[in-house]
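# any chance you could fold what I've pasted below:
(one chain, ligands or ions: 1)
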Amino acid sequence: MHIVITGANRGIGKELATLYTAQGHDVTQTSRTPREGFSVLDVDDPASHAAFADGLNGKPIDLLIANAGVNFDKGQTLETGYPLEDWSQTFLTNVSGVFLNIQSLLPNLRAASSPKIAIISSQLASSTNSGVGMLVYRASKAAVLNLGRNLAQEFADEGMPVGIYHPGWVQTDMGGANAAIDTLSSATGLIQRFDHLTMANSGVYEDYKGDALPY
Ligand SMILES: NC(=O)c1ccc[n+]([C@@H]2O[C@H](COP(=O)([O-])OP(=O)(O)OC[C@H]3O[C@@H](n4cnc5c(N)ncnc54)[C@H](OP(=O)(O)O)[C@@H]3O)[C@@H](O)[C@H]2O)c1
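This is a model prediction of the structure:
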């Protein structure tokens, strides 16, 4: 498979790239800044999406993993926190960035025989399991869950499944050192979930272990 992974220079994306490469897959890993072995993609920037798509030169994509994401919410208080720029930046990266990523790579996805799209959201996207804190991040992940569910409908007729995933609470820069699992456990589980993604479960929202999450 040719697999594209956004935000693959650290954290969960990096582990996914490592595992898929070890399995012998052809991995295009992206980074928002230039670095050896990576294609540049800043998901906030439409011109960067266009340049990245151009660079692929029509190469089919079997699996697109929209992994890049941000969370600026730690330590924010309801009374004085959550400034407008955090809302704008978080939605740009976590929601619009995912849409532009998928839109710009549509020709490459459509050129593959059985393409799939995996969106890394979060369990914090759930409106059923609402909670306190991280209000901007929760809203952005809920929005990208909604986007993924709608894209599953958009692509239903052409047989391109879309899955939306919670990677677990993972020891990364975002998850912190006290998180529950390491990147290897998360990425190993996610790869199994992506393997199970078909038109029969397109629109699925589940965690890295395969446990369904409530919308
Ligand atoms: N860790 C957790 O516990 C957890 C839980 C639930 C969901 N998630 C989700 O899992 C995904 C990966 O998280 P992680 O824990 O691996 O986070 P991380 O270690 O903070 O890595 C985030 C990655 O996203 C990239 N990124 C951020 N903004 C970008 C942009 N504008 N353009 C391109 N790349 C950009 C970062 O690139 P730079 O190095 O350039 O910043 C980095 O490669 C995210 O979508 C996150 O929301 C994580």
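
# ok, W169 to the ligand distance?
Distance, W169 to the ligand, using Cβ to the nearest ligand atom, to the nearest Å: 4 Å. For every residue, glycine as well, the C-beta is placed using N, CA and C.

# for F52, same thing?
10 Å.

# what's the answer for G55, then?
Counting by Cβ to the nearest ligand atom, the gap from G55 to the ligand is 15 Å.

# and for G163?
Counting by Cβ to the nearest ligand atom, the separation of G163 from the ligand is 14 Å.

# which pLDDT value belongs to that residue?
If you check G163, the pLDDT there is 99.

# can you check S127 too?
97.

# OK, contacts around it?
By Cβ atoms under 8 Å, 6 or more residues apart in numbering, the contact list for S127 reads A142, Y215.

# and this structure, which residues reach the ligand?
For the chain, the contact set with the ligand under Cβ under 6 Å from any ligand atom comprises 6-7, 9-13, 32-33, 41-44, 67-71, 93, 97, 120, 122, 166-167, 169-170, 172-175, 179.

# PyMOL command for the buried members of those?
Restricted to buried positions by 16 or more other Cβ atoms under 10 Å, the PyMOL selection for the residues of the chain next to the ligand reads:
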select buried, resi 6+7+9+11+12+13+32+41+42+43+44+67+68+69+70+71+93+97+120+122+166+167+169+170+172+174+175
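
# now, the residues of the chain next to the ligand that are in helices?
In this view, the residues of the chain next to the ligand that belong to helices under DSSP state H are G11, I12, G13, G97.

# of those, which is the nearest to the ligand?
G11 (2.2 Å; Cβ to the nearest ligand atom).

# skipping adjacent residues, who's closest to that closest one in space?
Take G11 and drop its neighbours on the chain: the residue closest to it by Cβ to Cβ, 6 or more residues apart in numbering is T172, 3.7 Å away.

# so which residues of the protein form strands?
Assigned strands in the chain, in chain order: 2-5, 26-31, 39-40, 63-66, 116-120, 162-166, 205-207 (criterion: DSSP state E).

# that concludes my questions; thank you for your assistance.
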